[in-house]
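1. I would like to see how this sequence folds:
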Amino acid sequence: KYWLMIMMNYFQVWLNIMNKILFFLFLLSSLVHSNEISFYEIKDSDDQSSEISFLLDKVSFIKSYSLVDPSRIVIDVYQSDLKSDVEQKYNYPIKLVRASSKDDLTRIVIDLYEYVNWSKPTQEKTDEGILLKINVKKNKKLKNNIRDIVVAIDAGHGGKDPGAVSSNNVLEKDITLLIAKELERTLRDTEGYEAVLIRNDDSTVSLNDRYQNARKFGADAFISIHADGFRLASVKGASVFIWSEESSSSVARNLSEKERKRIQAQIKNIKSYDFNEDAARDLYPNTYKKKVDQSKELGTKILDQLKRDPFTKIHKQNVEYADFRVLKSVDIPSVLVESGFITNPEDAKRLKTKAGRRMIARSIFLGIHNYFKEAPVSGTLLENYQNYLNYEIQKGDVLSEIAIRFGVTVNSINKTNNLENKSIFPGQIIRIKI
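-> Numbers count the residues shown, from 1 in each chain. The predicted structure follows:
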């Protein structure tokens, strides 16, 4: 019996190892098998923009950038194969769309007559497959090809998943959506940024779909917003997390454990056409290491701003580490912001107010902005930043609220824009000196 028990234990260990190996091979195979690509169409819009699209079998790991002399945009699609080489002539400002494949890399080049505003490629699920789309727009004023920085904003929980609940029935899912919309508004109306909401209403979004959608939107950064709870009502304050298998504190460990229980069934339910982030981390280790370093820097910038907010208490003074699946993208800097603990009466009271939520959104925005100022994306407005932002006045805007939104004074806005005794109006562009 003794030897039989030993043999059974060895067999169980061996079985566990084999299961892990098989699971890893399954994950890797979903990336290694080439993704077939074909040219789809070029379509003009009324706003003088053109959309170039290709059809893919599944969502891919993509890098895109612009070049000068001559003007062109390049899209590299990894682990892919082109059905046939492409050489498609078109109308101004597009000179030629060409594509070819070599060693599981497909390079798409859009040759241009002049510089354009362009958007990062997006990947959209259709009945025909995954549609890879990129837009270019004429702009005679440009001296370089310019695109916006894309920020994906993930409002935690939603729909059937309320998240944490306060003693007076404040739901985490409601708080996170309100903060996300506040942040989205600031980014949307500020030149040089584009914001995309992972959810914009009280809908249920799976953990897989949250980070998968960030990739489909072509995000340059991913911000997940939460307002969690803890068994002790005394625990309070904001924290910032990046991904790690090892938790950095007891609170981080508790949050990681709750996350693991929620995701066990979802991890294996990656759709056949989605990108496999788990396998990609082994396939592109250097890319992933760079992303972790970038995430820490982005998280530090956001935390620095939260510390400046006189109304927000800080739970942890440094960036925390936890096993949050939504942060595990292989290449997109990803941060989770705990805006507070709604199980704490003080935090719950603060987050119930518009002013309290606006201060969290402001801290996140300024953290994002400071990060991209120091590590500018090539071909964006922040690459040659002049220490001011252009903000478009919206209906209902007043200078005092704009000042709060950007962390500046009304006097500073008036002085920068010569607005003394002048009214502002929707559509007006003002400079915010930051």
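2. going forward, measure contacts between C-alpha atoms and count neighbours the same way
-> Noted.
3. list the buried ones in stretch 342-357?
-> Across stretch 342-357, burial judged by 16 or more other CA atoms under 10 Å covers 342-348, 350-352, 356-357.
4. typed the wrong thing, it's stretch 111-128
-> Going by 16+ other CA under 10 Å, stretch 111-128 has these buried residues: 111-112, 114-125.
5. what is the nearest of the buried residues of stretch 342-357 to G237?
-> The shortest approach to G237 among those belongs to D347, at 6.9 Å (CA to CA).
6. secondary structure element holding the closest one?
-> helix 345-352 (DSSP states H and E).
7. packing partners for the following helix or strand past that helix?
-> Counting by DSSP H and E, the element after helix 345-352 in chain order, helix or strand, is helix 354-374. Secondary-structure packing of helix 354-374 (3 or more CA pairs under 8 Å, 6 or more residues apart in numbering; DSSP states H and E): helix 172-188, helix 285-308, helix 345-352, helix 399-406.
8. hey, what's the angle from the second one to helix 354-374? Just curious.
-> Going by axes from the mean of the first three to the mean of the last three CA atoms, to 10 degrees, helix 285-308 is angled at 140 degrees with respect to helix 354-374.
9. picking up where we left off before, present the buried residues of stretch 111-128 as TSV; the columns should include pLDDT, distance to L55 and secondary structure.
-> Formatted as TSV, those follow (pLDDT from 0 to 100; distance: CA to CA, whole Å; DSSP: H, G, I helix; E, B strand; the rest coil):
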residue	pLDDT	distance to L55	secondary structure
D111	98	20	strand
L112	98	22	strand
E114	96	26	coil
Y115	97	26	coil
V116	97	23	strand
N117	97	23	strand
W118	98	19	strand
S119	97	18	coil
K120	97	16	coil
P121	98	12	coil
T122	98	12	strand
Q123	98	9	strand
E124	97	10	strand
K125	97	10	strand
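10. ok, which pair from those is furthest apart?
-> Largest separation among the buried residues of stretch 111-128 by CA to CA: E114 and K125, giving 31.2 Å.
11. show me the contacts for the closest residue to K43 other than its chain neighbours.
-> Closest residue to K43 apart from its sequence neighbours, by CA to CA, 6 or more residues apart in numbering: E51 at 5.1 Å. Neighbour list for E51: 42-45, 133-136 [criterion: CA atoms under 8 Å, 6 or more residues apart in numbering].
12. among the residues you listed, which ones are buried?
-> So, by 16+ other CA under 10 Å, the buried ones in the contacts of E51 are 42, 133-136.
13. who's in contact with V377?
-> V377 touches 149, 383, counting by CA under 8 Å, 6+ apart.
14. mind checking the SS state of it?
-> coil (DSSP: H, G, I helix; E, B strand; the rest coil).
15. so S38 touches I52, yeah?
-> No. Counting by CA atoms under 8 Å, S38 stays clear of I52, with 11.9 Å between them.
16. what sits against V326?
-> 207-208, 210-211, 224.
17. tell me the bridge partners for R107.
-> D76, S100 (DSSP bridges).
18. please apply the same query to the one 4 residues further on.
-> Residues found in beta-bridge contact with D111 (criterion: DSSP bridges) are R72, L96.
19. can you lay out the helices and strands packed on helix 354-374 as TSV showing mean pLDDT and distance to A152?
-> Listed next are the helices and strands packed on helix 354-374 as TSV, based on pLDDT from 0 to 100; distance: least, CA to CA, whole Å:
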stretch	mean pLDDT	distance to A152
helix 172-188	98	9
helix 285-308	97	14
helix 345-352	95	22
helix 399-406	96	19
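20. ok, which of these comes nearest K328?
-> The closest of the helices and strands packed on helix 354-374 to K328 is helix 285-308. By CA to CA, the value is 9.1 Å.
21. show me the contact partners of the closest one.
-> So helix 285-308 is contacted by 238-243, 281, 312-314, 317-319, 329-335, 360, 363-368, 370-371 (CA under 8 Å, 6+ apart).
22. show me which positions of the next helix or strand after it end up buried.
-> Going down the chain from helix 285-308, the next helix or strand is strand 320-322, by DSSP H and E. For strand 320-322, the neighbour count (16+ other CA under 10 Å) marks 320-322 as buried.
23. one step back: which of the contacts of V326 fall in helices?
-> Those of the contacts of V326 mapping onto helices are 207-208, 210-211, per DSSP state H.
24. so which of those wins on neighbours?
-> Y211 (26 neighbours; other CA atoms under 10 Å).
25. okay, the residue nearest to it when sequence neighbours are not counted: pLDDT?
-> If the residues on either side of it in the chain are set aside, Y211 comes closest to V326, at 5.5 Å by CA to CA, 6+ apart. pLDDT for V326: 92.
26. just V335 next, same as before
-> Model confidence at V335 (pLDDT) stands at 98.
27. tell me who's in contact with it.
-> By CA under 8 Å, 6+ apart, the neighbours of V335 are 222-224, 240-243, 295-296, 298-299, 327.
28. name the SS class of it, please.
-> strand.
29. in this structure, where is pLDDT below threshold?
-> 1-34, 247-268 (pLDDT under 70).
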